[in-house]
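>>> 3D, please:
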Amino acid sequence: MSMDRRDFVRTSAAGLAAAAAPAALAAETRPERAASRSGAPAIQRSRATRPVVISDLSGIRFMNGGPESSVERAFRGISEGEDVLDALIAGVNIPELDPTEMGIGYGGLPNADGVVQLDACCMHGPRHWAGGVAALEGVRTPSLVAKAVAELTDHHLLVGAGAQAFARQLGFEIEEDLNTDESRALWLEWRRRVDPGHWLDPRKRLDAGLAMVDEGLIPAHSFWGTTNCDAVNADGDICGVTTTSGLSWKIPGRTGDSPILGAGLYVDNDVGAVGSTGRGEANLYNLSSFLAVEFMRQGMSPLDAGMATLERIRSNTVEQRLLNARGLPNFDVRFFLLDKQGETAGVAMYGSAETHYAVCTDNGAEERPFEGLLEGAPRDG
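Numbering: from 1, shown residues only. Presented below is the predicted three-dimensional model:
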């Protein structure tokens, strides 16, 4: 990434903060907008929409032994006229069911007690639907349960035993244990490394896990978990889904950003969609996906909206335990953004560990490099 873009984001941070204030967002009027029948601003578009699916690397590198990746399955579905959300969920079911993808679904790395707890969220732009589940045990495809929450209930989020009971009532298979031999072995290795008297210490827990990443025992993307997949079809209908096993070795019951509307996923059918992977607590604190969509609503491109959102996270990260020796965040966060016209962007706080993301268009599926806000790596001294 050029210094010009970093300088632009940093020097304009104050103005962006003011522009994103609730009063400014509510009062904002732009020439390209017209009032909808509900009184809310409606963006008027003239350019044709380019159908596109965007995802993290799990959306292109895991096929569960089949012929298609997540982004390929999703793009085929929307090209054949399938509902966008149905196509996306059929796509993410592929890595959810793939036991070699240890950050999602079946075989996802478990919590500190060795139990796989899954989170998911989905949003349907045209229908203004949203549904999510958190700390769900025993169901390999939490994205399907999240969709059922959106379709069949008046709620947006079901958690824990309640989410499992809901899934059981709908006929989902409830398994006793979603661990594979590999995920269980890695959990046992983590427990061996952690002092039993201090396993609640967030620094010690994280250091033990990251050491396993450094040694090549766990892929970095699996340690943090999560796949996000968003799409727009030729009619401009936008949907998104995020699904995860969450942070490896988390305190039981911990819920990150993935199932929370506006944190790990946000969709506005007039504007676009944004999803995220990486440190969930950073997105919870900043409501990052909602913020990025609002930046696009104000006229920013997906790339600039993503960079501005990363800068917001960077400026709000002040706890010493979350900073490296350079005084910068010691974690990575990545955003996958698309707008109403099908323009996409993938941005990362660093982009040095997971360097690419996935896009699928009429030209097929491909990996594209992230645009990084900061140089170096999260734990650089």
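>>> Any buried residues in stretch 317-324, and which?
Using 16 or more other Cβ atoms under 10 Å as the test for burial, stretch 317-324 gives 317, 322. Every residue, glycine included, has its C-beta placed from N, CA and C.
>>> Report the backbone C-alpha coordinates of it in PDB.
Coordinates of the C-alpha atoms in stretch 317-324 are reproduced here as PDB (Å, rounded to 0.1, in the frame of the first residue of the first chain):
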ATOM      1  CA  THR A 317      -6.700   0.500  20.800                       C
ATOM      2  CA  VAL A 318      -5.000   2.000  23.900                       C
ATOM      3  CA  GLU A 319      -4.700  -0.900  26.400                       C
ATOM      4  CA  GLN A 320      -1.000  -1.700  26.900                       C
ATOM      5  CA  ARG A 321      -1.700  -5.500  26.600                       C
ATOM      6  CA  LEU A 322      -3.100  -4.900  23.100                       C
ATOM      7  CA  LEU A 323      -0.100  -2.900  21.800                       C
ATOM      8  CA  ASN A 324       3.200  -4.100  20.400                       C
END
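>>> For it, what is the distance to the chain centroid?
Computed by Cα atoms, centre = their mean, to the nearest Å, the chain-centroid distance of stretch 317-324 equals 22 Å.
>>> which residues does the most centrally placed residue in the chain bridge with?
Of all residues in the chain, the one closest to the mean position by Cα atoms, centre = their mean is residue 276, 2.9 Å from it. Per DSSP bridges, the residues bridged to residue 276 are residue 335.
>>> Touching, it and residue 264? I think so.
Yes. Contact status for residue 276 versus residue 264: in contact at 5.3 Å, counting by Cβ atoms under 8 Å.
>>> so what sits against both of these two?
Taking Cβ atoms under 8 Å, 6 or more residues apart in numbering as the contact criterion, the common neighbours of residue 276 and residue 264 are 226, 228, 242, 257, 283, 289.
>>> Pull the contacting residues for the closest residue to the second one other than its chain neighbours.
To tie it back to what came earlier, the one meant is residue 228. Of all residues not flanking residue 228 in the chain, residue 275 sits nearest, at 3.0 Å (Cβ to Cβ, 6 or more residues apart in numbering). For residue 275, the set of contacting residues under the criterion of Cβ under 8 Å, 6+ apart consists of 228-230, 240-242, 264-265, 289, 335-336.
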